[in-house]
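> This is a predicted model, with the sequence first.
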Amino acid sequence: MGFLAEKVAVVRRPSHLCRLAAAHLVIWAGVIALFAPAARAQLLADGIAAVVNDKVITYVQINQQVGETEKLLRQNYQGEELFERVKEAKLNVLRALIERELIIQDFKKSGGFIPETYTNERIGDIIRNEYGGDRVAFIKTLYERGVTMAKYRDEIQDNAIVGFMRNKNVIQTVLVSPYQIEQYYQQNLRLFVQDQQVKVSTIVIRKALFPSQRLGKDGKQESYDPQEEIAKEILYKLDTGADFTELAKSYSEGSNKDQGGELGWVTQNGKLAIRSDLWSYIANLQPGQHSDVIPTSDGYYYILQVEDRKQSEVTPLESVRAQIEQTVISETSQLRQQEWLDSLRAKAFIKMFL
């Protein structure tokens with residue numbers, strides 16, 4: 001953002017910080033009295049959630065941001081648990097508002113400013129891109145939200161300030177060397193191990209809803225599942241050389257029957273994991289071999305055939321270098337941002353009432 005001008009900020013000495021904290025205690029004690037009568041009335045109505053140096057954050061500001069989250073929480077929780085979760089959500093919003101205010105104050109304290117030309121251009125872009133160039137519709141939307149043009153301009157400037165300061169103090173300070181990438185790879189080698197993969201085809205037969213009756217070998221009535229008999233017949237055909245693909249197309253009730261029962265590559269764990277009650281049946285099968293009839297607890301009979309296998313291997317570093325770089329950048333950025341925000345808090349007077 002070339003539109004920003006800055007001066008060197010003055011670093012407070014510890015004695016200055018002590019005097020500042022004491023002064024802010026006095027300011028906080030009479031903070032409402034510092035405002036005009038109309039503003040005092042509004043602050044009393046809103047309720048003060050926090051004071052950041054000489055800036056007040058109200059409960060209204062928090063509620064505006066936490067409203068949708070609170071609706072979702074009320075749909076899933078009640079009583080004491082609902083109260084605690086709503087409180088936690090509001091605390092998270094308040095902390096974010098405090099951090100935002102600290103960033104904005106630090107920018108202004110160092111002499112930075114946002115030219116009016118930038119704000120005007122940004123509003124023009126919003127009207128053109130989001131409202132089809134209809135300024136009346138834009139103004140109407142602000143009115144419905146209860147936001148004045150002056151307030152909206154402040155929001156645009158504040159967003160620009162926060163973006164600029166994060167870029168300056170966090171993003172631009174993060175540099176990742178080839179050594180860091182290689183170190184991360186070696187320390188997290190398990191993350192880059194590709195599990196053993198098995199290419200599988202299936203024949204699926206639905207169990208009968210009710211058992212049938214027949215005479216057993218001992219001449220007595222016995223219950224049996226005619227669908228299991230079909231599955232056993234298919235297994236016999238496979239054992240005597242029939243083609244698995246053709247049998248799947250003819251008999252299977254699975255969604256993949258038209259593809260000859262092809263399920264594709266599966267693993268024991270991870271995104272490609274096959275259901276756990278089936279893995280043990282294919283773990284030791286070689287390509288071209290099939291399982292016996294497998295009854296499952298959800299009402300089916302499965303016959304599985306292994307088409308191919310890929311042994312477990314480690315993904316080469318060059319294949320994941322870009323991925324690791326982004327991960328290291330993200331982790332380092334989070335650490336730098338936390339250190340930066342902590343330094344801002346250390347120089348500020350903050351009082352929370354939530």
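Arrived safely.
> all helices for the stretch 251-354 of the chain, in order.
Per DSSP state H, counting those that start in this stretch, the stretch 251-354 of the chain carries helices over the ranges 276-282, 317-346.
> in the shortest one, what's buried?
Within helix 276-282, the residues that qualify as buried by neighbour count (16 or more other C-beta atoms under 10 Å) are 278-279, 281-282. Using the backbone N, CA and C atoms, a C-beta is placed for each residue, glycine as well.
> and if you look at the longest one?
Going by neighbour count (16+ other C-beta under 10 Å), the buried part of helix 317-346 is 320, 324-325, 327-328, 332, 336-337, 340-341, 344.
> Packing partners of it?
Packing partners of helix 317-346 (3 or more C-beta pairs under 8 Å, 6 or more residues apart in numbering; DSSP states H and E): helix 79-109, helix 149-169, helix 178-187.
> likewise the first one?
Contacting helix 276-282 under the criterion 3+ C-beta pairs under 8 Å, 6+ apart are the following elements: strand 294-296, strand 300-310.
> hmm, 10 Å instead?
Other elements packing on helix 276-282 under the criterion 3 or more C-beta pairs under 10 Å, 6 or more residues apart in numbering; DSSP states H and E are strand 197-206, strand 262-266, strand 294-296, strand 300-310.
> Direction included, what does the shortest one pair against?
When you say that, I think you mean strand 294-296. Strands adjacent to strand 294-296 in the sheet, as given by DSSP bridges, are strand 300-310 (antiparallel).
> what's the answer for the first one, then?
Neighbouring strands of strand 197-206 in its sheet, by DSSP bridges, are strand 262-266 (antiparallel), strand 300-310 (antiparallel).
> Can you name the element that comes right after it?
Per DSSP states H and E, the first helix or strand lying C-terminal to strand 197-206 is strand 212-215.
> Strand partners (parallel or antiparallel) of that following strand?
Here strand 212-215 is paired, per DSSP bridges, with strand 221-224 (antiparallel).
> Would you tell me what the next helix or strand after the strand it pairs with is?
Taking DSSP H and E, what comes next after strand 221-224 is helix 226-239.
> Show me what that next one is packed up against.
Where contact means 3+ C-beta pairs under 10 Å, 6+ apart, helix 226-239 is packed against strand 197-206, strand 212-215, helix 244-251, strand 294-296, strand 300-310.
> just to revisit the earlier point, do you know which of the helices of the stretch 251-354 of the chain lies nearest Gln65?
Gln65 lies closest to helix 317-346 among these, at 18.5 Å (C-beta to C-beta).
> confidence score at Lys249?
The confidence metric pLDDT takes the value 96 at Lys249.
> Understood, closing this out.
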